[in-house]
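Asker: build me a model from this:
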Amino acid sequence: MAEAFVSFAVQKLGDLLIQQVSLRKNLREEVTWLRNELLLMQSFLKDAEQKRSGDERVEQWVLEINSIAYDVVAILKTYSIEDGKCASCLKVCACICRKKSYNVAKEIQSLKQRVMDISVKRETYDITNTINYNAGKGTSNKVRTLRRTTSYVDDQDYIFVGLQDVVQTLVYELLKAEPRRSVLSIYGMGGLGKTTLARKLYINPNIASSFPTCAWICVSQEYNTMDLLSTIIKSIQGRTKVTLDLLESMPEGDLEIYLRDLLTERKYLVVVDDVRQKEVWERLKRAFPDSKNGSRVIITTPKKDVAERADNRGFVHELRFLTQEESWDLFRRKLLDVQAMTFTMERVAKNMVGKCRGLPLAIVVLSGLLSHKKRLDEWQKVKDHLWKNNVEDEYIEISNILSLSYNDLSTALKQCFLYFGIFPEDQVVKAENIIRLWMAEGFIPRGEERMEDVAEGYLNELIRRSLILVVHTFWERVTACRVHDLLHDLAIQEALKVNFFGIYDPKRHSISSLCIRHVIHSQGERYPSLDLSNLKLRSIMFFDRKISLINFSSVFQHLYVLYLEMCVDKNPHPHLVPDAIGSLYHLKFLRLRGRIHDLPTSIGNLKNLQTLVVNGYSCKLPQETADLINLRHLDARYSESLKHLSKLTSLQVLKGVYCDQWKDVDPVDLVNLRELTMCSIWNSYSLKNISSLKNLSTLRLFCERDELYTSPFPSLEFLYSCEKLQKLWLKGRVEKLPLFPNSITMMVLWQSRLMEDPMPILGKLPNLKDLILQEAYKGKEIMCSDNTFSQLESLRLYDLSNLERWHLDTSAMSLIKGLHIHACPELKEIPKRMKDVEEKLNMVELYKHM
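Answerer: Have a look, this model is predicted:
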């Protein structure tokens, strides 16, 4: 991982040498020497990082190189900051000359001495002869291939090899005719699949239709009861402004009473995942009333006593290990290319799988690791490594498999994986969020491909290796993911070794002084009082919503990432974002959440900003937002005109815009916009200028809802001119379907309430693969003629209350793989051919993808 940081430092020094021809001769020589020496060290680092496992001397050597690389970049950036508006390396030299308070020659000389010291150590550690120039080559091509071929429609099903009977048993227990509110407890060691089993039950169609009210909470090791209660309430009532304001103002006792009242008249299912202490359920159970209506609670826990004490009349299930046959079946299912496995490779693999103890997590991670090894000798090396500290008859420790899989990653993928350790345990992470953070941190190389596409490829490879778990998918893409607890622990453990990030400890009121990334999970109000004056912090991430706005002092002027949750308290006045935020010239990612009314005009100084996210309330974006020339992702609800946004030519994603604001935008210059989400559309507005977005691939349009749902979309004829449009989501009444471009592959029609059968028009789309119709048609009959829907693979029909008949000709929907029908009470029979289609698509909570 140090190799990436050194590469960045080398690049910056090179920029300085190329662009600043006026550097004094002796200073130019010093900078050139420093650059060349770091370039030489970079050659050794890939192999050295592999060697440092178990070798404290090599590990310390790598850490020292990290430190020098950080300081090189920080020195250059400090001088650019001192020049005020001078934010690029082009003017660093001028800054150096003008600022008497800094002696660049002295600092460069100090860095030179440090480099000479660790060069001697390199010889001492005998790293010189271990260069592997081929390490990591080919990663980009492999990532590109994975991104293009990966689909996650049936992700996580692999974990249930041999456990279908368990699912049936537990479904029966949840649905049996017992009116008492009861608890079903699932326990077993980490890696057996407790959470995945609970999720399988949670989304089971029979379960979903039997429990009108459902909620899911994850209990971290340092849980907060108020947060758990709030999460359940938000799951039930939604994250509306009224609900959020109400919850923020309630003490714990009132939250408990409120939730109890909310559930009293409902039949509910609540999953309480990863309970490790008996006290958790004791504190929560008072909020779950027993209304004698068959409500259920599912608890997952690694501890038997927690499971047994949750309900003395409840059902307790101990999750078993897989048999040898089931383990091998699971391994083969996760292997990317089973056909390439020779007889000898199979024998080696069976030996390793047999030592995994029947633990699913160990097996799938091992399979993901071997999938990226193509030769027998590589498989044998994996086995030899696992056997190194293993007595013949013992099982392999799962920690050894996880560590080996991590160490097999390229430098770029290691950084991306470790970043998941920053998030609180059990947190579900939006894919777009992690991708944008990776980009801001500099993990994603610039090249011919869009950085977003490369980052998505990295995420897909981590998923393929089973290091990251998929939580949600939509439109054939991962939209949310998380890491298993054991892998989260590994990420933190490895990150601390190299000072990748530091987690604030509120008990000690301390954090590592060597880390350039600080993470605050709780009691964040005390963090700013730490002495941070000697640090050059690159990222600060607050996950504690009780924090108020921080003072953007000189300590934070090196920031690339500012991720800030802010308290929404009883104070009716909005938070004011200080003007000083405009001094964070290097900021690439800014996320603000809370009661924010507007952003200061100084926001226009953030010329390097790539992502701006403002969640919570409508805010005012100043005209200076147009100066954010590198802004790629803008996600905020705006309260003013957006006319000035036409200048954001780098913009790729625009969310939260209202229709009456869009009418002021001239989209001709938004040449890079790929994704647009617009809401509050009225029939009186025109959407024609959307057709000017020549690279638009994803479009979501939401009509304004009135009490009678009578306001329809304005004319949608412009859609036919959107030649690159692939994914379309229309929510609101449509009087008549327009002609759609042939490029459409995914479509959602929600609350369209069409009077004419939409199938004749939709069936002609030659590339349509995924179609969702929810409250989309008020008629009694749909007709799918021969040779229509030629590429359709997935069809979901929801809430078509009047539909009685479905005619499907012989050659229509010839490629259909998934069908799900929900809340179509008058449809007594589906076409005979459709009965053979496996119903493996579950009810999609569409609002999660809005």
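Asker: what ranges in the stretch 401-550 of the chain fall below the confidence cut-off?
Answerer: Within the stretch 401-550 of the chain, the ranges that satisfy pLDDT under 70 run 545-550.
Asker: rerun that using 50 as the cut-off
Answerer: Residue ranges of the stretch 401-550 of the chain with pLDDT under 50: none are present.
Asker: could you say which helix or strand holds residue 119?
Answerer: helix 104-124 (DSSP states H and E).
Asker: outline the domain layout of the chain.
Answerer: With domains defined by automatic domain parsing, the chain comprises 2-130, 137-162+374-499, 167-318, 745-850.
Asker: nearest to residue 714, out of those domains?
Answerer: Shortest distance between residue 714 and the domains of the chain, using C-beta to C-beta, is found for domain 745-850: 14.1 Å. The way it works is simple: take the backbone N, C-alpha and C, and place the C-beta from them, glycine included.
Asker: mind checking how far the closest one is from the chain centre?
Answerer: Put simply, domain 745-850 sits 30 Å off its chain's centre (C-alpha atoms, centre = their mean, to the nearest Å).
Asker: same deal with stretch 187-197?
Answerer: Using C-alpha atoms, centre = their mean, the offset of stretch 187-197 from its chain centre is 22 Å.
Asker: can you classify residue 198 by secondary structure?
Answerer: Secondary structure of residue 198, reduced to three states by DSSP: H, G, I helix; E, B strand; the rest coil: helix.
Asker: neighbours of it, how many?
Answerer: By other C-beta atoms under 10 Å, the residues close to residue 198 number 21.
Asker: same deal with residue 248?
Answerer: 16.
Asker: I'd assumed residue 267 was in contact with residue 293.
Answerer: Yes. Here residue 293 reaches residue 267: they are 4.7 Å apart, a contact under C-beta atoms under 8 Å.
Asker: OK, contacts around residue 607?
Answerer: By C-beta atoms under 8 Å, 6 or more residues apart in numbering, the contact set of residue 607 is 87, 585, 627-630.
Asker: how distant is stretch 418-427 from the center of its chain?
Answerer: That offset, for stretch 418-427, works out to 10 Å (C-alpha atoms, centre = their mean).
Asker: how long is that stretch end to end?
Answerer: Criterion C-alpha to C-alpha, to the nearest Å; first-to-last residue distance in stretch 418-427 is 15 Å.
Asker: with distance to residue 700 as added columns, please give the domains of the chain in CSV.
Answerer: Putting the domains of the chain into CSV (distance: least, C-beta to C-beta, whole Å) gives the following:
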stretch, distance to residue 700
domain 2-130, 34
domain 137-162+374-499, 11
domain 167-318, 18
domain 745-850, 7
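Asker: for residue 535, pull up the helix or strand it's in.
Answerer: Residue 535 belongs to no helix or strand, assigned by DSSP H and E.
Asker: that one touches residue 517, doesn't it?
Answerer: No. Judged on C-beta under 8 Å, residue 535 makes no contact with residue 517 at a distance of 10.6 Å.
Asker: those two: which has the busier surroundings?
Answerer: Using other C-beta under 10 Å as the criterion, residue 535 and residue 517 rank with residue 517 on top: 23 against 19.
Asker: before we move on, back to that, weakest of the domains of the chain by average pLDDT?
Answerer: Lowest mean pLDDT within the domains of the chain: domain 2-130, at a mean of 60.
Asker: residue 637 in helix, strand or coil?
Answerer: Relying on three-state DSSP, one would call residue 637 strand.
Asker: can you give me the pLDDT of it?
Answerer: So, for residue 637, pLDDT stands at 76.
Asker: burial count for it?
Answerer: 16.
Asker: equivalent analysis for residue 588, please.
Answerer: Neighbour count for residue 588, taken as other C-beta under 10 Å: 24.
Asker: quick one, phi psi at it?
Answerer: phi -110, psi -20 (degrees, to the nearest 10).
Asker: the closest residue to it other than its chain neighbours: neighbour count?
Answerer: Closest residue to residue 588 apart from its sequence neighbours, by C-beta to C-beta, 6 or more residues apart in numbering: residue 440 at 3.8 Å. Residues contacting residue 440 under the criterion other C-beta under 10 Å number 24.
Asker: which element is residue 440 on?
Answerer: helix 431-441.
Asker: do the same with residue 325
Answerer: helix 324-334.
Asker: buried residues, that helix. List them.
Answerer: For helix 324-334, the neighbour count (16 or more other C-beta atoms under 10 Å) marks 326-332, 334 as buried.
Asker: among the residues you listed, which two are most distant?
Answerer: Comparing all pairs in these by C-beta to C-beta, the longest separation belongs to 326 and 334, at 12.9 Å.
Asker: where do the contact lists of these two overlap?
Answerer: In terms of C-beta under 8 Å, 6+ apart, residue 326 and residue 334 are not both contacted by any residue.
Asker: what mean pLDDT does the helix holding residue 325 have?
Answerer: Helix 324-334 carries an average pLDDT of 91.
Asker: elements contacting that helix?
Answerer: helix 343-354, helix 360-370 (3 or more C-beta pairs under 8 Å, 6 or more residues apart in numbering; DSSP states H and E).
Asker: what angle sits between that helix and helix 343-354?
Answerer: For helix 324-334 against helix 343-354, the angle between stretch directions is 120 degrees (axes from the mean of the first three to the mean of the last three C-alpha atoms, to 10 degrees).
Asker: helix 324-334 versus helix 360-370: what angle between them?
Answerer: Using the same axes, to 10 degrees: helix 324-334 against helix 360-370 is 40 degrees.
Asker: give me the contacts around helix 324-334.
Answerer: Outside helix 324-334, the residues within contact range by C-beta under 8 Å, 6+ apart are 158-159, 161-162, 322, 338, 349-350, 353-354, 356, 358, 360, 363-364, 366-368, 371, 466.
Asker: next: stretch 642-658.
Answerer: With C-beta under 8 Å, 6+ apart as the test, stretch 642-658 has contacts from 432, 450, 452, 621, 623, 625-638, 661-662, 664-680.
Asker: for that stretch, buried residues please.
Answerer: Taking 16+ other C-beta under 10 Å as the criterion, stretch 642-658 shows 642, 644-648, 650-658 as buried.
Asker: list the contacts of residue 335.
Answerer: 341, 367, 370-371.
Asker: okay, those in CSV with neighbour count next?
Answerer: Shown next, in CSV, are those (neighbours: other C-beta atoms under 10 Å):
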residue, neighbour count
341, 16
367, 25
370, 25
371, 17
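Asker: show me which of these is closest to residue 598.
Answerer: Among the contacts of residue 335, and counting by C-beta to C-beta, the member closest to residue 598 is residue 371, at 50.2 Å.
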